[in-house]
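Novice: coordinates for the following, if possible.
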Amino acid sequence: MTEIEIRRQVACPYTRAKELLRDRLQPLAQAGTSIAQRLSLTLRDRDLGKEVEMQFAVAHDPMHFDEPWEISWQPEVGGLYPSFRGSLSIRASDTYESARLELHGSYEPPLGAVGKAFDSVLGKRIAEATGERFLDEIASAIESQHRAEEAEKAAGR
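Specialist: Below you'll find the predicted structure:
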């Protein structure tokens with residue numbers, strides 16, 4: 001198994017970022033169905049993105065600080081792309097104005113020994129870049145919603 005840990009700052013206060021992530025994921029988790037999602041990655045002007053079936057479920061934080069979400073995805077068509085299982089969460093940051101989005105998880109490189117060799121040379125970097133892009137998309141959605149709410153508040157003053 002290959003482990004990845006990716007973090008991204010989100011320009012939104014922790015409490016509100018947590019609520020916005022919950023608003024986005026809770027309906028998907030409650031439905032218990034998978035959604036089609038394109039995980040995008042461009043490398044040297046080549047699109048290496050892949051359509052995956054993504055699932056979310058509520059996870060448990062024993063300390064009751066955060067609201068982690070279980071996340072998993074499987075490629076719609078297997079091949080060279082692995083399945084992934086992990087967690088997605090928003091954590092408090094050093095400042096009130098921001099939060100930290102985190103993705104932790106693991107995958108098994110396909111194709112046995114050949115896949116493991118590829119993973120050690122390049123595959124893990126591709127997986128991390130894909131995860132970073134995924135977090136960028138989520139963070140951008142949270143930040144856009146937060147900015148819109150703040151603009152609406154400012155206009156109402």
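Novice: L111 and A117 touch, don't they?
Specialist: No: counting by Cβ atoms under 8 Å, L111 does not reach A117; the two are 9.1 Å apart. All C-beta spots, glycine's among them, are computed from the backbone N, C-alpha and C.
Novice: who's in contact with the most centrally placed residue in the chain?
Specialist: Centroid-nearest residue in the chain, with Cα atoms, centre = their mean: L135, separated by 4.5 Å. Going by Cβ atoms under 8 Å, 6 or more residues apart in numbering, L135 touches I6, R7, R8, L101, L103.
Novice: how much space between it and H64?
Specialist: Per Cβ to Cβ, to the nearest Å, L135 is found 24 Å from H64.
Novice: what does T15 give?
Specialist: For T15, the distance to H64 - Cβ to Cβ - is 14 Å.
Novice: could you do E97 as well?
Specialist: Applying Cβ to Cβ to E97 and H64 gives a distance of 24 Å.
Novice: for A17, same thing?
Specialist: On the measure of Cβ to Cβ, A17 and H64 end up 17 Å apart.
Novice: just the buried residues of the contacts of L135.
Specialist: I6, R8, L101, L103 (16 or more other Cβ atoms under 10 Å).
Novice: the second one falls within a strand, correct?
Specialist: This means R8. Yes: assessed with DSSP: H, G, I helix; E, B strand; the rest coil, R8 lies in a strand.
Novice: give me the beta-bridge partners of it?
Specialist: Per DSSP bridges, the residues bridged to R8 are L101.
Novice: which residues touch it?
Specialist: Here R8 is in contact with R100, L101, E102, E132, L135, D136, A139 (Cβ under 8 Å, 6+ apart).
Novice: what about the last one, neighbour count?
Specialist: By the measure other Cβ atoms under 10 Å, the count of residues near A139 is 21.
Novice: pretty sure it sits against R7.
Specialist: No: between A139 and R7 there is no contact, the gap being 10.5 Å when judged by Cβ under 8 Å.
Novice: for the chain, name the helix or strand with the lowest mean pLDDT.
Specialist: strand 42-43 (a mean of 67; mean pLDDT, DSSP states H and E).
Novice: next structured bit after that strand?
Specialist: Moving toward the C-terminus from strand 42-43, the next helix or strand (DSSP states H and E) is strand 46-47.
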